[in-house]
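*Asks:* Have a look; sequence and predicted model below, questions after that.
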Amino acid sequence: MTVIKSSVFKVLETFPGNGDDIKRLFKENREFQSICEDYRQCVEALNHWNQSNQKEAPNRRQEYEQLLKELMDEIYLCLNESV
């Protein structure tokens, strides 16, 4: 049985139609592994700020939403280049 790292699991949740390509890229490409880890951390941070009532929460949400979009674009690019 293969253990799926939590970083790639988050990406698989978001891009379920690309599971085979994501798993292959994650095994073969350290840069993609890093992007997946960044994506996981960004999702967790965004979840934190979405639940926060702190004064800076709206600004942090906006920052992490933008970062999440950029990471998703990077993932799409990696998937498209791997075909």
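*Replies:* That came through, no problem.
*Asks:* Can you spell out which helices and strands pack onto the helix or strand of the chain with the lowest mean pLDDT?
*Replies:* In the chain, the helix or strand scored least confidently by mean pLDDT, DSSP states H and E is helix 6-14, which has a mean of 91. Judged by 3 or more CB pairs under 8 Å, 6 or more residues apart in numbering; DSSP states H and E, helix 6-14 is in contact with helix 19-28, helix 30-51, helix 57-82. Backbone N, C-alpha and C define where each C-beta goes, glycine included.
*Asks:* any chance of these in CSV, plus distance to V11?
*Replies:* Putting the helices and strands packed on helix 6-14 into CSV (distance: least, CB to CB, whole Å) gives the following:
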stretch, distance to V11
helix 19-28, 6
helix 30-51, 5
helix 57-82, 6
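*Asks:* I'd like those helices written out as a markdown table, with mean neighbour count added.
*Replies:* Output for the helices and strands packed on helix 6-14, formatted as a markdown table (neighbours: other CB atoms under 10 Å):
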| stretch | mean neighbour count |
| --- | --- |
| helix 19-28 | 15 |
| helix 30-51 | 16 |
| helix 57-82 | 14 |
